[in-house]
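In: Provide a 3D model corresponding to the input given below.
(one chain, ligands or ions: 1)
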Amino acid sequence: MATRSFNHIPSEIIDEVRQRNDIAEVIMECGVPLKLSGKNYKACCPFHDEKTPSFTVSSEKQMFYCFGCQMGGNTITFLQKYENKPFIESVEWLANRVGVPLPTQDQKSKERAKKRLNLEELNRLATKYFHRNLLDSKIGEKASIYLKNRQVSNSSIRTFQVGYATRGSKDLLEDAIRRGSSKQQLLDVGLIKDNENRTTDRFRDRVIFPIIDERGAPVAFGGRVLSPDAVPKYLNTASTVLYDKSKTLYNLYGARSAMQKTRQAILVEGYFDVIRLSQEGVENVIASLGTSFSESHAGLLKRFVDEVFIVFDGDTAGIRATVRGLNHLVKAGLKVRVMMLSGGQDPDAFVLHHGIDAFNERLASAMNLVEFQIRRAVETGGLRQIDVKTQVLKDIADTLSHIKSRVELDQYINYTAQELDLDRAVIWQ
Ligand SMILES: [Zn+2]
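Out: Presented below is the predicted three-dimensional model:
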């Protein structure tokens, strides 16, 4: 008989995992700020939007319940609902948290998991090391001035654990070896590189942004140069065991609960865009870090939101490629809206010049993807040329082919027919 995978974990082990994980601790670790209220804990519900707390956690019963949206359950159900983890992964996560071995893991996967854990720990130490450098008034002076000039607050520096990689060629290497890491481990996480028998730090004299995965583990780093003429301007960790850029979004971990509440995400391009918006109170913001949008990215976002706003900086080069990437989002069933910023400004520069209210206004009038494709063709004046019109129609048809809802599709087709002055039947093909 075929058994579902969770049947492989005996119920007494599941019970043990539940008993050893205190529900209040786990929920707080997931980022929900619980406050003690009598015998129970209370918080504003992470599952629906509210101003007065109706989300209750009972340590005695080891259960949670929301009087607003009636969401409730135990520690495992909480992880399933809040983190969108399948049952088996939720149990595994809790088992790892308290060190209960599970019979589902064979020796090999246990070793792999241990190696991963060690590398994550190394990245955690490196995050702290870089951050300490930045906070040191002497070592981090130049980087601090740079960040101050870009109006990054101290609180943002803390929240995003921004750091500084010093100029020396082996500063991090030596520090990490002193703390017990091996050269191989440092190579494995991409913090150092081997060049013709010369081993050096990968990041030197750069502001460092740790890249955290959706479980909260640091998997990679991005470094920005301080002097305007140094290249490359941005340097990221290459692919490693921990880091696959087509599966990672910057700030996904930090933006999770805001995304879950609003069911919306704002997709920008870089570190400073994320930090600027977050600093101004817009917390559901993530960045693709210059990689084209992948199916895995779409899958990640789909776990948290229904709608994604993408911000284009008005630089038209590459927009077609980006739109093709965005079709992954449409395919995953997400609504995509596009907002344009004029004058080639990125969100960071736009908010600095025009303020967050102007940004939010633009956001409120963001176009859908089809509208955007048509509007852009109209603006560039190409629609009068037959070949351009054909291309636009082809691109739109590609987007439409991913829309599953018939009603929605019908509306888009009407709109496209009207705007492009075409017969509906032409688009249906
Ligand atoms: Zn609720």
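In: how near is the nearest residue to Pro86 once chain neighbours are set aside to the ion?
Out: Among residues not flanking Pro86 along the chain, Gln80 sits closest, at 7.2 Å (CB to CB, 6 or more residues apart in numbering). The way it works is simple: take the backbone N, C-alpha and C, and place the C-beta from them, glycine included. Between Gln80 and the ion the computed distance is 15 Å (CB to the ion, to the nearest Å).
In: which residues are in contact with Gln80?
Out: Contacts for Gln80 (CB atoms under 8 Å, 6 or more residues apart in numbering) come out as Gly73, Pro86, Phe87, Ser90.
In: same thing with Ser288?
Out: Counting by CB under 8 Å, 6+ apart, Ser288 touches Leu249, Tyr250, Leu267, Glu269, His297.
In: give me the residue at the spatial middle of the chain.
Out: Leu252 (2.3 Å; CA atoms, centre = their mean).
In: right, and it touches Glu214 too?
Out: Yes. Judged on CB atoms under 8 Å, Leu252 makes contact with Glu214 at a distance of 5.1 Å.
In: residues near the closest residue to the ion within the stretch 251-400 of the chain, how many?
Out: Closest to the ion within the stretch 251-400 of the chain is Lys261: 10.0 Å, counting by CB to the ion. Lys261 has 19 neighbours, counted by other CB atoms under 10 Å.
In: could you number the chain from 23 rather than 1 from now on?
Out: Let's use 23 as the start, then, which means that last one is Lys283.
In: now do the contacts for it.
Out: By CB under 8 Å, 6+ apart, the residues touching Lys283 are Pro68, His70, Asp71, Asn306.
In: next, the contact list for the last one, please.
Out: This points to Asn306. Counted by CB under 8 Å, 6+ apart, Asn306 has contacts Ala277, Ala280, Met281, Lys283, Thr284, Gln286, Ala287, Ile288, Val327.
In: what's the separation between it and Glu218?
Out: 46 Å (CB to CB, to the nearest Å).
In: the first one too?
Out: Counting by CB to CB, the gap from Pro68 to Glu218 is 52 Å.
In: so these two - more neighbours on which side?
Out: Pro68 (21 against 4).
In: so the more buried one touches Tyr104, yeah?
Out: Yes. Assessed by CB under 8 Å, Pro68 is found in contact with Tyr104 at 6.0 Å.
In: need the overlap of contacts for the two.
Out: By CB under 8 Å, 6+ apart, Pro68 and Tyr104 have these common neighbours: Cys52, Val54, Gln282.
In: in terms of residue numbering, what are the domains of this structure?
Out: Domain assignment for the chain, taken from automatic domain parsing, gives 27-120, 130-265, 326-450.
In: adding mean pLDDT, write those out as TSV.
Out: Formatted as TSV, the domains of the chain follow (pLDDT from 0 to 100):
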stretch	mean pLDDT
domain 27-120	88
domain 130-265	93
domain 326-450	85
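In: let's have these in a markdown table, adding distance to Arg298.
Out: Formatted as a markdown table, the domains of the chain follow (distance: least, CB to CB, whole Å):
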| stretch | distance to Arg298 |
| --- | --- |
| domain 27-120 | 22 |
| domain 130-265 | 8 |
| domain 326-450 | 4 |
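In: which bits of the stretch 23-172 of the chain sit near the ion?
Out: Contacts of the stretch 23-172 of the chain with the ion, taken as CB under 5 Å from the ion, map to Cys67, Phe69, His70, Cys88, Gly90, Cys91.
In: report the contact partners of the nearest residue to the last one once chain neighbours are set aside.
Out: In space, Cys91 comes closest to His70 once its chain neighbours are excluded; the distance is 4.2 Å by CB to CB, 6+ apart. The neighbourhood of His70, defined by CB under 8 Å, 6+ apart, consists of Cys88, Gly90, Cys91, Met93, Lys283.
In: His70: which element?
Out: For His70, there is no host helix or strand (DSSP states H and E).
In: how far away is Asn62 from the ion?
Out: For Asn62, the distance to the ion - CB to the ion - is 15 Å.
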